[in-house]
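Trainee: Predicted model and sequence follow; I will ask about them next.
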Amino acid sequence: AQSVAQPEDQVNVAEGNPLTVKCTYSVSGNPYLFWYVQYPNRGLQFLLKYITGDNLVKGSYGFEAEFNKSQTSFHLKKPSALVSDSALYFCAVRDNSNYQLIWGAGTKLIIKP
Amino acid sequence: GAGVSQSPSNKVTEKGKDVELRCDPISGHTALYWYRQSLGQGLEFLIYFQGNSAPDKSGLPSDRFSAERTGGSVSTLTIQRTQQEDSAVYLCASGEGQSPYNEQFFGPGTRLTVL
């Protein structure tokens, strides 16, 4: 069965430190992987995606994600966290033969000053 | 340009009443999705429209839920005889074409509370 796992409900990071939000997936065929962010009282926003090519994908707001096929992971990273990065982050995967997105449960990221 | 809009932003209703939620997608987007997000949960797929094709209703939780999309643009999600477990944020998203690697653009959601 296809699935996405975000093993951490919440991640706490001090401002200025690097951050990682984890995501692992299980899907048949080549995966198309996405990260979305949901700021408080705002809609979901697209951050970045992996389709093919370089395993390191750069996205909005200084975020990047690394696709690791052998570990079936797509962890979200940022070298230096900002308080304004505090939000709910969702990982999603779509099979190349299926238009539906399979969503993780979300990880709440809290950046402390 | 204008993003995806949804109305109302908040809806409080009594158990047993019908509600209609509206979504205006980004102009030109042929794909339209409805999701439900319960507190502390991820997104639950409800229904998908693509152009003039028959919608994929496989995510609708019961026959009390229905949706239509008029003229390939505006969509309405209807919940009949609402139940307390229907309380959630209902999100609409639109996208370009049918490619599996196109991102979705989300509206702000409608928060539904069933008393």
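Mentor: Ah, there it is. Residues are numbered from 1 along each chain as shown, chains lettered A, B, ... in the order given.

Trainee: Centre-most residue in chain B?
Mentor: Central residue check for chain B by C-alpha atoms, centre = their mean: the C-alpha nearest the mean position is that of B:Trp34, 3.1 Å away.

Trainee: touching chain A at all, the helix or strand hosting that one?
Mentor: B:Trp34 is part of strand B:31-37 when elements are defined by DSSP states H and E. Yes: between strand B:31-37 and chain A, judged by C-beta under 8 Å from any C-beta of the partner chain, the touching residues are B:Ala31. Every C-beta, even on glycine, is put in place using the N, C-alpha and C of the backbone.

Trainee: Centre of the chain to that strand, how far?
Mentor: A distance of 4 Å separates the C-alpha centroid of strand B:31-37 from that of its chain, computed with C-alpha atoms, centre = their mean, to the nearest Å.

Trainee: which other residues reach that strand?
Mentor: Contacts made with strand B:31-37 from outside it, assessed by C-beta atoms under 8 Å, 6 or more residues apart in numbering or on different chains, are listed as A:99, B:23, B:25, B:43-51, B:67, B:69, B:75, B:77, B:88-98, B:102, B:104, B:109.

Trainee: next helix or strand past it?
Mentor: Sequence-wise, the next helix or strand downstream of strand B:31-37 (DSSP H and E) is strand B:43-50.

Trainee: Mind giving me the packing neighbours of that next one?
Mentor: With contacts defined as 3 or more C-beta pairs under 8 Å, 6 or more residues apart in numbering or on different chains; DSSP states H and E, the secondary structure elements packing on strand B:43-50 are strand B:31-37, strand B:65-69, strand B:75-79.

Trainee: Now B:Pro108, what are its backbone angles?
Mentor: Phi and psi for B:Pro108, reported as degrees, to the nearest 10, are phi -80, psi -10.

Trainee: nope, B:Asp86 is what I was after
Mentor: When quoted as degrees, to the nearest 10, the phi and psi of B:Asp86 stand at phi -80, psi -10.

Trainee: Convert the worst-scoring helix or strand of chain B on mean pLDDT to PDB, retaining C-alpha atoms only.
Mentor: Each helix and strand of chain B was given a mean pLDDT (mean pLDDT, DSSP states H and E); the minimum falls on strand B:43-50 at a mean of 91. What follows is strand B:43-50 as a C-alpha-only set of coordinates in PDB (Å, rounded to 0.1, in the frame of the first residue of the first chain):
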ATOM      1  CA  LEU B  43      -5.500  15.900   4.600                       C
ATOM      2  CA  GLU B  44      -8.200  13.500   3.600                       C
ATOM      3  CA  PHE B  45      -9.000  13.400  -0.100                       C
ATOM      4  CA  LEU B  46     -12.700  13.800  -0.900                       C
ATOM      5  CA  ILE B  47     -13.200  14.400  -4.600                       C
ATOM      6  CA  TYR B  48     -11.300  15.300  -7.800                       C
ATOM      7  CA  PHE B  49     -12.500  17.100 -10.900                       C
ATOM      8  CA  GLN B  50     -10.500  17.200 -14.100                       C
END
